[in-house]
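**Q** Take a look and give me a structure for this.
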Amino acid sequence: MKKLSLIFLLTVSLNIYSQGYDFKKKIFGYSLDQITMITNDVDSSFYIEDLITKIFYPDSTVTDLEIALGYYGFVLQPDYKPDKYIGLELEVMQLNDNQQYKSAAKFADSLVTNNPTGLMGLVEYSYALHRLQDTIMSARYRKCYERLCDVIFKSGDGKSMETAYIITGLKDIEVLTQFKRMTITKRKTKSKKKQTFEVVSVFQSGKLKTLYFDTSLITEFR
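**A** All right, here's what the predicted structure looks like:
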């Protein structure tokens, strides 16, 4: 991927359009309006272009807050749609399943360029590169999604609707549970006061657990 050709599509129009969200929770101490304000401010240390770059290069100097504001701030772009790239995502997954790794890597490059915070795209890209024996780039993208997973798991404790993990893509649940070596046995959708949740039953270390994922940001912008 050309060095962040991604820097991208983000320059398109990052105007502050987000007032009056239904989503009431604070994320890492910030409301959605506050996240929109600081990530759209070119003079802010949390400007969205810089944050996405840090997601792609998450070295030890990059903080959890920067990763979080990049992940959640990306969904606040005016043209963001949670399902916009689902077709491309599924195509990449199918290509990897069919061992067409060169094609998978090509399409995955486009996928992560357009949807840099989508966990599944990063996972599939890393996998395709690994199978193509590009170990350096594979490790780089693996580090990207692992760092995102760590931060998402700090958005709550997953034990209730009130403390659910906050996600921005339904495929994120699959990546997050695999990251923690959990096996999904059942999932269902629930809603409460205009918020939506995925309630997921998983096995981990021989024990059955129930996890809550807040999907309100997905339904908010769908």
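
**Q** Only C-alpha atoms from now on, for both contacts and neighbour counts.
**A** Will do.

**Q** can you pull the buried residues of the lowest-mean-pLDDT helix or strand in the chain?
**A** Counting by mean pLDDT, DSSP states H and E, the weakest-scoring helix or strand in the chain turns out to be helix 216-221, with a mean of 82. By 16 or more other C-alpha atoms under 10 Å, the buried positions in helix 216-221 come out as Ser216, Leu217, Ile218, Glu220, Phe221.

**Q** Please enumerate the helices of this structure.
**A** 32-39, 48-56, 64-74, 86-97, 101-114, 119-131, 135-152, 171-179, 216-221 (DSSP state H).

**Q** Now Thr210. Nearest residue, chain neighbours left out?
**A** Nearest residue to Thr210, sequence neighbours excluded (C-alpha to C-alpha, 6 or more residues apart in numbering): Ser201, at 4.5 Å.

**Q** which ones are touching that neighbour?
**A** Residues in contact with Ser201 (C-alpha atoms under 8 Å, 6 or more residues apart in numbering) are Ile184, Thr185, Lys186, Arg187, Leu208, Lys209, Thr210, Leu211.

**Q** contacting residues around stretch 79-91?
**A** Stretch 79-91 is contacted from outside by 74-75, 104, 107-108, 111, 115, 120-121, 168-169, 218, 221-222, using C-alpha under 8 Å, 6+ apart.

**Q** Farthest-apart pair in these, please.
**A** Spatially, the most separated pair among the contacts of stretch 79-91 is Ala104 and Phe221, at 27.9 Å (C-alpha to C-alpha).

**Q** Where does pLDDT dip in the chain?
**A** Flagging of the chain using pLDDT under 70 yields the residue ranges 1-22, 221-222.

**Q** beta partners of the residue nearest to Thr210?
**A** When bridges are called by DSSP bridges, Ser201 pairs up with Lys186, Thr210.

**Q** what about it, distance to Tyr80?
**A** 29 Å (C-alpha to C-alpha, to the nearest Å).

**Q** and what of Leu69?
**A** Leu69 is 15 Å from Tyr80, by C-alpha to C-alpha.

**Q** ok, for Asp172, nearest residue in space, not its chain neighbours?
**A** Leu119 (5.6 Å).

**Q** okay, now that neighbour: neighbour count?
**A** Leu119: 26 surrounding residues under other C-alpha atoms under 10 Å.

**Q** do Lys192 as well
**A** Neighbours of Lys192 using other C-alpha under 10 Å come to 9.
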